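[1] model this:
(2 chains)
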Protein chains: 2
Amino acid sequence: MDRAKIRLFVDAPLGQGQSVDLNRDQAHYLFGVMRLKPGACVALFNGHEGEWTAEVAEAGKRAGRLVCLGQAAPQLDPPDLWLMFAPIKKARTDFIVEKAAEMGAARIVPVLTEYTNSERVRVDRLQAHAVEAAEQCGGTFVPEVAEPLTFDRLLEDWPEDRHIMFCDEGLAGASRGLAVHDGKWAILIGPEGGFSGRERERLRAMPNAHPVSLGPRILRADTAAVAALTLWQTTMGDW
Amino acid sequence: MDRAKIRLFVDAPLGQGQSVDLNRDQAHYLFGVMRLKPGACVALFNGHEGEWTAEVAEAGKRAGRLVCLGQAAPQLDPPDLWLMFAPIKKARTDFIVEKAAEMGAARIVPVLTEYTNSERVRVDRLQAHAVEAAEQCGGTFVPEVAEPLTFDRLLEDWPEDRHIMFCDEGLAGASRGLAVHDGKWAILIGPEGGFSGRERERLRAMPNAHPVSLGPRILRADTAAVAALTLWQTTMGDW
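    Residues are numbered from 1 along each chain as shown, chains lettered A, B, ... in the order given. As a prediction, this is how the structure comes out:
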């Protein structure tokens, strides 16, 4: 059983001999775009049961059915890490979501800060991006994209047992290591203009919020997100 | 003297009272697009003399002249780090160049490996991207984008005193730290399909080439570039 090249996220149970119905978009993609025929193999994952090799049993223009032949890879969940970021321009916001899914964040939270130039955040579109990133990058987990929250609302209900790593431009140049704490974490990335003075003070006053410096140059928000994920994953995550 | 918001790279000497002639593109940008008038301030940098605040002395449609008022920031050179990468799709290649300029690489080298689907690499376009990234991100240094080299050619002339950090998918899961060595470095990022077996063996046989793992998930080449730059900058660079 070769490992299938086409990977598809499905919202359905997976297991030996399990039959999986395809929706219209999926059938169009597999049979219209990729031109698969009955007997062809596809890799399926649903976010919690690993990757399965499935065979095309019925192929139609608007529907189809696959049958699971066997598990190709076990489920790999990311660490309990949230990526929280202030939405920026569309392409760069898409990029942040793609990278968070690829690099192993468990949850993605758009945050509206004082300096956020918020275009409307379309959560469904961002969620589709996270699915696509997982499909393309061999992942078996898809992070949930949460509804946007304001900065104040986010911190009002902040769970005591979750640490926050935030990038503080005020620290630039002063190399300050990241404190290692086991358990739950979140990374918070500010908008292009940075956090406001009030926001920065509020973060600094939180006992479980930890500032880090990302070097002496000013990084774009999308770069900062990838750099912060790398730092966290190599220090406390599963890299 | 406020710090000017518009930043412009110029290929000219900068210094107190120095006059700087603008070319047609620069004049169009400053006076046609940004609508600056004589007396307005612009930040200039030339890659080796820091950032200078300059005042518009003459503004024309096709030409113009600025005069340097004073230095606003000292020159900040990156560490002696090269980023070498196999070109991928246009947008993602642009992205890698942008990030390398932003994160502090000194030189950018496109490398043609066995699995590189090389579209033609336009060095002048990539160089312009590096300039734009430096302009936007407050940098005073612009990395040079070198002419593309084949993998074999690159390693044939490889300087003995420069270490190579390369991402080895064969190490995935096995956490292997990055050996710290002072001095000159280069990061080598493979194409989407990874290095060929022969290339990987050649790298592994080099005494100053060091494999690193970027975690248990498969990363896109552009993500790997940013992650590797982060790892290097926090371990051995100026972050």
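
[2] show me what contacts residue A:12?
    Residue A:12 makes contact with A:18, A:20-21, A:46 under the criterion Cβ atoms under 8 Å, 6 or more residues apart in numbering or on different chains. (Each C-beta comes from the backbone N, C-alpha and C, glycine too.)

[3] right, I mislabeled it, should have said residue A:230
    Contact analysis of residue A:230 by Cβ under 8 Å, 6+ apart lists A:103, A:239, B:214, B:226-227, B:230-231.

[4] what about 7 Å?
    B:227, B:230-231 (Cβ atoms under 7 Å, 6 or more residues apart in numbering or on different chains).

[5] can you tell me the element it falls in?
    Per DSSP states H and E, residue A:230 falls inside helix A:221-235.

[6] what's the spacing between that helix and its chain's center?
    Centroid separation for helix A:221-235 versus its chain: 13 Å, with Cα atoms, centre = their mean, to the nearest Å.

[7] and the angle for that helix with helix B:221-235?
    60 degrees (axes from the mean of the first three to the mean of the last three Cα atoms, to 10 degrees).

[8] by contact count, what packs against the lowest-mean-pLDDT helix or strand in chain A?
    Sorting the helices and strands of chain A by mean pLDDT, DSSP states H and E puts strand A:209-212 at the bottom, at a mean of 91. The contact analysis (3 or more Cβ pairs under 7 Å, 6 or more residues apart in numbering or on different chains; DSSP states H and E) places strand A:209-212 against strand A:162-167.

[9] turn the contacts of residue A:12 into JSON lines, including pLDDT and neighbour count.
    Shown next, in JSON lines, are these (pLDDT from 0 to 100; neighbours: other Cβ atoms under 10 Å in any protein chain shown):
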{"residue": "A:18", "pLDDT": "97", "neighbour count": "16"}
{"residue": "A:20", "pLDDT": "98", "neighbour count": "23"}
{"residue": "A:21", "pLDDT": "97", "neighbour count": "13"}
{"residue": "A:46", "pLDDT": "97", "neighbour count": "19"}
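
[10] and those residues, which two are furthest apart?
    Farthest apart among the contacts of residue A:12 by Cβ to Cβ are A:21 and A:46. That separation is 13.0 Å.

[11] related to what we said a few turns ago, what's the least confident helix or strand of chain A in contact with?
    Contacts of strand A:209-212 (Cβ under 7 Å, 6+ apart): A:163-168, A:171, A:176, A:178-179, A:203-204, A:231.

[12] what parts of chain A come near chain B?
    Contact residues (Cβ under 7 Å from any Cβ of the partner chain) of chain A with chain B: A:76, A:99, A:102-104, A:137-139, A:175, A:213-220, A:223, A:226-227, A:230-231, A:233-234, A:238-239.

[13] report the buried members of those residues.
    Neighbour counting by 16 or more other Cβ atoms under 10 Å in any protein chain shown classes A:76, A:99, A:102-104, A:137-139, A:213-220, A:223, A:226-227, A:230-231, A:233-234, A:238-239 among these as buried.

[14] now do the contacts for the nearest residue to residue A:99 once chain neighbours are set aside.
    Once flanking residues are discounted, residue A:99 sits nearest to residue A:226: 5.1 Å by Cβ to Cβ, 6 or more residues apart in numbering or on different chains. Counting by Cβ under 7 Å, 6+ apart, residue A:226 touches A:99, B:223, B:226-227.

[15] again, only this time at 8 Å
    Neighbours of residue A:226 in contact, by Cβ under 8 Å, 6+ apart: A:99, A:103, B:99, B:223, B:226-227, B:230.

[16] state the mean pLDDT of stretch A:83-99.
    For stretch A:83-99, mean pLDDT rounds to 93.

[17] can you give me the end-to-end span of it?
    10 Å (Cα to Cα, to the nearest Å).

[18] same question, stretch A:16-30
    Per Cα to Cα, stretch A:16-30 runs 21 Å from first to last residue.

[19] look up how far residue A:133 lies from the residue most central in space within chain A.
    In chain A, the centroid-proximal residue (Cα atoms, centre = their mean) is residue A:101; its distance is 2.9 Å. When distance is defined by Cβ to Cβ, to the nearest Å, residue A:101 is 4 Å away from residue A:133.
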